[in-house]
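Undergrad: predicted model and sequence follow; I will ask about them next.
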Amino acid sequence: MKGNISKIGLFEKIASLAKRRGFIYPGSEIYGGLGGFYDWGHLGVKLKWNIESSWWREMVQLRDDVVGIDAALIMNPKVWEASGHVSGFSDPLVECKKCHHRFKDDQIEDNKCPDCGGALTESRQFNMMFKTFVGPAEDSASVAYLRPETAGGIFVNFKNVLSTNRLKIPFGVAQMGKAFRNEINPRDFVFRTREFKQMELEYFVKPGEDEKYFDEWVERRFAWYKSIGLKNVRKREQAKEERAHYSKATTDIEYEFPFGWQEIEGIANRGDFDLSAHTKASGQDLSYVDEETKERFVPYVIEPSAGVERIALALLCEAYYEEKDRVVLKFNPKMAPIKVAVFPLLANKPELVKLARKIYEELRREYTVAWDARGNIGKRYYSQDEIGTPFCITVDFDSLEKDDVTVRERDTTKQERVKIKELKEYLKERLG
Ligand code: GAP
């Protein structure tokens with residue numbers, strides 16, 4: 001239960017908590033901000049890091065058939081010409097003739113401006129690639145683009161990866177990194193931004209086996225979302241007209257945000273679109289030879305592609321609860337930015353502070369641990385609940401006598417005494 005809050009009110013509260021507690025700040029705020037750009041604070045960094053490391057562990061570390069890559073953000077512009085992004089990565093845009101606000105076609109009802117009701121221009125295609133210049137000259141020969149997806153860096157390194165790793169089809173190349181899109185209408189806090197981080201896998205398979213692997217990846221990715229604590233997720237197959245220019249089939253994984261069901265990941269069957277296009281444009285052979293059968297073919301590729309910020313936002317929405325006198329983020333402990341908080345019951349009793357500090361120093365070797373000695377214990381619990389810390393440990397006068405502490409669990413608020421020497425084991429069982 002989220003309590004009796006309207007969905008929009010709920011989203012505003014979540015966004016306000018995220019800003020107030022230092023998960024997410026508006027980008028360049030002291031200069032009035034910049035639409036579609038955000039900065040991530042200490043807790044936000046940890047949350048994103050937990051998402052990224054869980055993804056990397058599942059997609060790379062635990063698999064024999066996937067290797068990683070970290071390609072440059074700016075690549076030869078021919079990459080994006082070959083991939084079809086320079087000519088085709090666009091959204092239909094309309095402009096209000098009165099207030100000059102711009103909208104994507106699909107945001108318009110009754111052919112009127114949603115902001116002022118004014119008449120709209122004819123729709124035209126707007127390319128979302130961010131342009132820049134490489135080197136001192138600002139002419140057409142030095143134009144380059146910030147990558148709109150990380151995938152390009154994987155396709156152009158296909159030969160390098162094959163020649164430097166012992167890989168046999170099927171195999172994958174994974175990458176996490178920033179992508180940039182000059183979105184017409186950034187919206188819904190960090191849901192649609194102009195700078196975001198993607199986690200992408202390009203999984204190369206033999207043509208004919210693509211549908212089987214596509215189905216497998218959809219199921220595997222869906223299970224991962226459940227494993228990080230997202231319950232309100234569903235799969236949705238994209239209709240032909242919705243798909244990207246390179247896609248034979250796409251299934252989205254959607255999360256039910258307070259503003260509706262929205263994509264957090266797309267799994268696409270890109271066929272041989274990219275390797276064939278880059279072969280043609282670069283003149284380099286990007287085919288694969290099966291060592292056993294000597295068969296040569298251009299692999300097909302299955303691509304699970306997720307956005308870190310959207311997942312972080314979904315985790316915040318899923319975790320947010322209002323209960324009696326507290327606000328609590330019930331993160332899956334794996335995703336919680338801070339795992340444990342340690343408090344001395346009283347800040348002005350050096351013997352309590354000393355023991356609490358010792359426990360804090362020990363635990364922070366293994367977990368992200370918070371220290372708090374301000375105010376009363378109730379306020380400290382409130383503060384930790386609001387950022388989703390699963391366990392709070394209090395050192396009191398009994399601790400000095402009995403070598404134990406009070407451990408309070410976030411969701412149940414139940415408290416129990418635990419021996420100091422058993423704390424690590426206790427937390428390990430519950431936090432993993
Ligand atoms: N390489 C495939 C690709 O880029 P996409 O569906 O355009 O596919 C994949 O993007 C994921 O990247 C999305 O599911 C979403 O999580 C994230 N994403 C895309 N555009 C975004 C934006 N403007 N703001 C935040 N995240 C975005």
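TA: Happy to help now that I have it.

Undergrad: against Q175, how distant is the nearest residue to F204 once chain neighbours are set aside?
TA: Spatial nearest neighbour of F204, chain neighbours left out: P299 (3.9 Å); criterion: CB to CB, 6 or more residues apart in numbering. C-beta here means a position set from N, CA and C on the backbone, and glycine is covered the same way. Going from P299 to Q175 by CB to CB, to the nearest Å gives 17 Å.

Undergrad: wait, the residue nearest to F204 sits on F273?
TA: No. Taking CB atoms under 8 Å as the definition, P299 is not a contact partner of F273, at 11.3 Å.

Undergrad: ok, P299 and Q175, which is more surrounded?
TA: P299 (24 against 21; other CB atoms under 10 Å).

Undergrad: and that one, what's its pLDDT?
TA: pLDDT recorded at P299 is 98.

Undergrad: buried residues, the helix or strand G378 falls within. List them.
TA: Assigned by DSSP states H and E, G378 falls within helix 377-387. For helix 377-387, the neighbour count (16 or more other CB atoms under 10 Å) marks 377, 380-381, 383-387 as buried.

Undergrad: ok so E265 is a strand residue?
TA: Yes. Judged by DSSP: H, G, I helix; E, B strand; the rest coil, E265 forms part of a strand.

Undergrad: contact partners for it?
TA: 221, 225, 252-253, 304-307, 311 (CB atoms under 8 Å, 6 or more residues apart in numbering).

Undergrad: could you list which of those residues also contact the ligand?
TA: 305-307 (CB under 6 Å from any ligand atom).

Undergrad: pick the one among the contacts of E265 closest to M128.
TA: G307 (14.7 Å; CB to CB).

Undergrad: excluding its backbone neighbours, what's nearest that closest one?
TA: In space, G307 is closest to F196, 5.4 Å off (CB to CB, 6+ apart).

Undergrad: and for A249?
TA: Nearest one to A249, counting by CB to CB, 6+ apart, is N269 at 4.4 Å.

Undergrad: V342 too?
TA: Y360 (4.2 Å).

Undergrad: list the buried residues in the helix or strand containing that neighbour.
TA: In this assignment (DSSP H and E), Y360 forms part of helix 350-363. Buried residues in helix 350-363, defined by neighbour count with 16+ other CB under 10 Å: 352-353, 355-357, 359-360, 363.

Undergrad: now the very next helix or strand once past that helix: average pLDDT?
TA: Per DSSP H and E, the first helix or strand lying C-terminal to helix 350-363 is strand 369-371. Throughout strand 369-371, pLDDT has a mean value of 98.

Undergrad: mind listing residues that contact the helix or strand containing L10?
TA: For L10, the element it lies in under DSSP H and E is helix 7-20. Residues from elsewhere that reach helix 7-20, judged by CB under 8 Å, 6+ apart: 2, 5, 23-26, 44, 188-189, 257-259, 316-317, 320, 322, 327, 329, 386.

Undergrad: cutoff 10 Å now
TA: 2-3, 5-6, 23-26, 29, 38, 40-41, 43-44, 47, 188-191, 256-260, 312-313, 316-317, 319-320, 322, 327, 329, 386-387 (CB atoms under 10 Å, 6 or more residues apart in numbering).

Undergrad: filter those residues down to just the buried residues.
TA: Looks like the contacts of helix 7-20 have 23-24, 38, 40-41, 43-44, 47, 188-191, 256-258, 312-313, 316-317, 319-320, 327, 329, 386-387 buried, using 16+ other CB under 10 Å.

Undergrad: among these, which ones are in helices?
TA: Cross-referencing the buried ones among the contacts of helix 7-20 against helices under DSSP state H gives 43-44, 47, 312-313, 316-317, 319, 386-387.

Undergrad: gap between the closest residue to the ligand within the chain and A179?
TA: Across the chain, no residue is closer to the ligand than G307, which sits at 2.4 Å (CB to the nearest ligand atom). Distance of G307 to A179, computed by CB to CB: 8 Å.

Undergrad: for the longest helix anywhere in the chain, give the mean pLDDT please.
TA: If you go by DSSP H, the chain has its longest helix at helix 210-227. Averaged over helix 210-227, pLDDT sits at 98.

Undergrad: just checking, what packs against whatever helix or strand comes next after it?
TA: Downstream of helix 210-227, the first helix or strand assigned by DSSP H and E is strand 233-237. When contacts are defined as 3 or more CB pairs under 10 Å, 6 or more residues apart in numbering; DSSP states H and E, strand 233-237 sits against helix 210-227, strand 249-257, strand 260-271.

Undergrad: ok so, going back, name the residues that touch the helix holding Y360?
TA: With CB under 10 Å, 6+ apart, helix 350-363 has contacts from 339-347, 349, 369-373, 391, 393-397, 399-400, 403, 405, 420, 423-424, 427.

Undergrad: can you rerun that using 7 Å?
TA: 340, 342-347, 369, 371, 373, 393, 395-396, 399-400, 405, 420, 423 (CB atoms under 7 Å, 6 or more residues apart in numbering).

Undergrad: ok, which of those also contact the ligand?
TA: Of the contacts of helix 350-363, not one also sits near the ligand (CB under 6 Å from any ligand atom).

Undergrad: report the buried members of those residues.
TA: Counted by 16+ other CB under 10 Å, these give 340, 342-346, 369, 373, 393, 395-396, 399, 405, 420, 423 as buried.

Undergrad: just the ones in strands from the residues you listed, please.
TA: Residues of those located in strands (DSSP state E): 340, 342-344, 369, 393, 395, 405.
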